[in-house]
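Asker: model this:
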Amino acid sequence: MDWRSLVPAKQQEIRRLTAIPLREVTPSTRDFTRAVTTHKQEVTVIAALKRTDPDTGRSWSDCDLVAVAGACDEADIGAVAVYTEASLFGTTLSDLRAIATAVSAPILCLDLVLHPLQLYHARLHGADAVLLHAEAVNPAMLATLIAVAQSLHMAPVVAVQTPSEVAQALTAGASLLGLACPAGRVDPVHTQALAALVPPHKTLVAVDPIRSAREYAALQGVVDAALVSDILLDTPTVEVALKHLTTPEIP
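Answerer: Predicted coordinates:
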C-alpha cells in the first residue's frame, strides 16, 4: 500500500497526542531483533494482523485476532505485527495492546510514524518494535526516531524501497531494514537488489506480506524475516498454514 496516503491522518493524530499527558513509559523487555535475526539461514515468519485490507477490500471483521496471535505464538513464529491505522486496516493500538498482553512473542507496530510521540504511545500499548519509513521523513527526523525507539528498547525497522532510501537508512544508524517493493507485493528481483546494498550483518525484513510458498522460498538466503498476513487470517488452522508455507516443495 501507499503509506504516504496516511500523512494527513497521522498529522491529525500527532496533534491529538500532543494534548494527552504521557504516563511513565517502561522499556520493552522482548527482544524483537533477536527473535527475527537468522543471519539469512532461514526466513522467520512475522504474523501481520489486521481486520481489513485497503488494497483488496477484503475483510476479516469476525476474526478473533487475539486467538490468531495466540495460535501463531504457539507455533513458535518469530514475532507478531499489528497494523494500527483503523481507517485502513480496522485495527488500532488497542488491538495491539490486547495482542501484546496475550502472547510472548515480540510485537511490531505497523503504522506511519512521523513524530516521536507516536513511538511513546506505541510502547505504552505494548510495542516492542516499530516500522519507520525512510521516505516519509527527512534524514534528521529519521535519525531521531531511530534513537528514540532504541531508548525505549524498541527495535526500529526502517522500510526502504530504493537505493537512496537504503543509503539514508544506513546513514541514520538503522540496523534493521524493511525491504519494500514498488507494487506492494513481493518482488524477489527487487528485494535481492536492495539486499545487496546492505552490509551482511544487518537484519533484513520483507515488509510486503508474502502470499504463497513460492514467494517464501524465493526469499531464502535474502532476508531474515518476512511478514505473512492473509494466509494466516484465512486459515482455520494456523499451524497447518505455516507448515504449507515453509515446507519446501519436492520436485
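Asker: mind listing what's buried in stretch 225-236?
Answerer: Using 16 or more other Cβ atoms under 10 Å as the test for burial, stretch 225-236 gives 225-233, 235. For every residue, glycine as well, the C-beta is placed using N, CA and C.
Asker: Return the subset of these lying in strands.
Answerer: Among the buried residues of stretch 225-236, the ones falling in strands (DSSP state E) are 225-228.
Asker: Just the closest of those residues to Ser5, please.
Answerer: Proximity of these to Ser5 (Cβ to Cβ) peaks at Leu227, which lies at 19.0 Å.
Asker: Spit out the contact partners of that closest one.
Answerer: 46-48, 81, 205-210 (Cβ atoms under 8 Å, 6 or more residues apart in numbering).
Asker: if you set the cut-off to 7 Å instead, what comes out?
Answerer: 46, 48, 81, 206-207, 209 (Cβ atoms under 7 Å, 6 or more residues apart in numbering).
Asker: same deal with Thr92?
Answerer: By Cβ under 7 Å, 6+ apart, the contact list for Thr92 reads 84, 86.
Asker: Same list (the buried residues of stretch 225-236) but as TSV, adding pLDDT and distance to Ala195.
Answerer: Shown next, in TSV, are the buried residues of stretch 225-236 (pLDDT from 0 to 100; distance: Cβ to Cβ, whole Å):
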residue	pLDDT	distance to Ala195
Ala225	98	13
Ala226	98	12
Leu227	98	16
Val228	97	19
Ser229	96	21
Asp230	95	24
Ile231	95	23
Leu232	96	24
Leu233	96	27
Thr235	94	29
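Asker: Tell me where the model's unsure across the chain.
Answerer: The model of the chain has pLDDT under 70 over residues 1-2, 248-251.
Asker: Which parts of it are helices?
Answerer: Here the chain has its helices, by DSSP state H, at 7-18, 32-36, 65-74, 86-89, 93-102, 116-124, 139-151, 163-171, 188-195, 213-218, 230-234, 238-246.
Asker: Ser87: neighbouring residues, count only.
Answerer: Residues within reach of Ser87, counting by other Cβ atoms under 10 Å, total 11.
Asker: any idea how far the closest residue to it other than its chain neighbours lies from Phe89?
Answerer: Spatially, and ignoring its direct neighbours in sequence, Ser87 is nearest to Ala9 (6.1 Å; Cβ to Cβ, 6 or more residues apart in numbering). Taking Cβ to Cβ, to the nearest Å as the measure, Ala9 and Phe89 are separated by 12 Å.
Asker: Which one's more surrounded, those two?
Answerer: Under the criterion of other Cβ under 10 Å, the comparison of Ala9 against Phe89 puts Phe89 first, with 22 against 14.
Asker: is it true that that one touches Ala48?
Answerer: No: between Phe89 and Ala48 there is no contact under Cβ atoms under 7 Å: 9.7 Å.
Asker: anything in contact with each of these two?
Answerer: Tyr83.
Asker: Longest strand in the chain, by number of residues?
Answerer: strand 203-210.
Asker: How much space separates Ala167 from Arg214?
Answerer: With Cβ to Cβ as the criterion, Ala167 and Arg214 are 31 Å apart.
Asker: Could you check which of these two is surrounded by more residues?
Answerer: When Ala167 and Arg214 are compared for neighbours, Ala167 comes out ahead with 14 against 11, by other Cβ under 10 Å.
Asker: And for the more buried one, nearest residue in space, chain neighbours not counted?
Answerer: Nearest to Ala167 is Leu197, by Cβ to Cβ, 6+ apart, at 7.7 Å.
Asker: Arg23 versus that neighbour, what's the distance?
Answerer: For Leu197, the distance to Arg23 equals 40 Å [Cβ to Cβ].
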